[in-house]
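1. Give me a 3D structure for the following:
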Amino acid sequence: MAFQAGGQRPAPRPAPATPEVQAYLQDYTALLEAVPFPSLVVDHRWDVVLTNGAFRTLFRGAGPHPTAMPGDNFLRFVLFHPDASAVLGEHESSWCLPMLAHFAAALERYGHDPGLQAVRRDIAQDPIMEAAYRQGLPHWIRAVGAEAVEHDGAVRPLHHPDPRWGTTHCRVVVETPRVLGELGCTRLTLVLREPRRTPPRAARPRRTAAAHLRVVPAPE
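-> So this is what the prediction gives:
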């Protein structure tokens, strides 16, 4: 695929919805539903293409949001939804900053993509998120190492609404079968781990617009 001016690649175009592709996606949906762990298929913008029942159960408590529902765009959910930290444990360091790093890489690669540009504008409108993107993210990557931004293989904390799981961890497994790759999509599965039984702890408050990311120096 040829580079555009400035070294950016054009955003991948979805493959034609041929009968064969449609049949594949129908069968892949059935496969996804048979997986007991939360699983989703996203495109390069993190727009959600498919989810399974386990994914919908995990995020069933997320309140309404105009642009950041977990079943619509997972990147936006992690970055902007006030309920994200109620499900995604250690939200800032384990989820938000790695997602910001992946967003920065996608923006560098597909900078002319209107969906990614819209996310960038929303980041810029939130002073805390903008500071995290411009200042906190480079500092964090230098501190923890580039491998910390990778999703595949990462073990990250979760707060599952099902008390059988409760507060636990998941391993993120990223897969891109050939046909999904041709569609510009990839699949993420959150493989839940049996939780260690610990005394219940008080729920953390939701992040609001007045919250402060710890990796970013407090504004004067």
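2. tell me the secondary structure for the residue nearest to V78 when sequence neighbours are not counted?
-> With Cβ to Cβ, 6 or more residues apart in numbering as the criterion, V78 has its nearest non-adjacent residue at 4.6 Å, and that residue is M99. Placement of C-beta: from N, CA and C, glycine included. On the three-state scheme (DSSP: H, G, I helix; E, B strand; the rest coil), M99 is labelled helix.
3. What is the burial count for M99?
-> Neighbours of M99 under the rule other Cβ atoms under 10 Å: 21.
4. ok, now which ones touch it?
-> 75, 78-79 (Cβ atoms under 8 Å, 6 or more residues apart in numbering).
5. and of those, the nearest to G89?
-> Nearest to G89 among the contacts of M99: V78, at 12.4 Å, using Cβ to Cβ.
6. what about F74, neighbour count?
-> Around F74 there are 24 residues (other Cβ under 10 Å).
7. Skip the chain neighbours and tell me the closest residue to it.
-> W46 (4.9 Å).
8. Identify the residues contacting the one you found.
-> Neighbours of W46 in contact, by Cβ under 8 Å, 6+ apart: 73-76.
9. Could you pick out the buried ones from the contacts of M99?
-> For the contacts of M99, a burial check counting by 16 or more other Cβ atoms under 10 Å picks out 75, 78-79.
10. Could you take those residues and lay them out as TSV, with extra columns for distance to V191 and pLDDT?
-> Formatted as TSV, these follow (distance: Cβ to Cβ, whole Å; pLDDT from 0 to 100):
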residue	distance to V191	pLDDT
L75	21	97
V78	18	97
L79	23	96
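11. Export these to JSON lines and append columns for secondary structure and distance to L31.
-> JSON lines is the format used below for the buried ones among the contacts of M99 (DSSP: H, G, I helix; E, B strand; the rest coil; distance: Cβ to Cβ, whole Å):
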{"residue": "L75", "secondary structure": "helix", "distance to L31": "24"}
{"residue": "V78", "secondary structure": "helix", "distance to L31": "25"}
{"residue": "L79", "secondary structure": "helix", "distance to L31": "29"}
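12. Save those as a markdown table, and put in distance to Y110 too.
-> Listed next are these as a markdown table, based on distance: Cβ to Cβ, whole Å:
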| residue | distance to Y110 |
| --- | --- |
| L75 | 13 |
| V78 | 19 |
| L79 | 17 |
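13. Just the closest of those residues to R60, please.
-> V78 (16.8 Å).
14. Contact partners for V87?
-> Applying Cβ under 8 Å, 6+ apart, we find V87 in contact with 58-59, 61-62, 158-161.
15. how close does the residue nearest to V78 sit to E194?
-> 26 Å (Cβ to Cβ, to the nearest Å).
16. before we move on, what about P163?
-> 13 Å.
17. Kindly report the same for E130.
-> 39 Å.
18. more crowded one of the two?
-> Between E130 and E194, counting by other Cβ under 10 Å, E130 is the more crowded of the two (16 against 9).
19. That one contacts R120, doesn't it?
-> No. E130 is beyond contact range of R120, at 9.7 Å (criterion: Cβ atoms under 8 Å).
20. need the next SSE after the least confident helix or strand in the chain by mean pLDDT, C-terminal direction.
-> Sorting the helices and strands of the chain by mean pLDDT, DSSP states H and E puts helix 137-144 at the bottom, at a mean of 88. Next along the chain after helix 137-144, taking DSSP states H and E as the criterion, comes strand 155-159.
21. No more questions from me, cheers.
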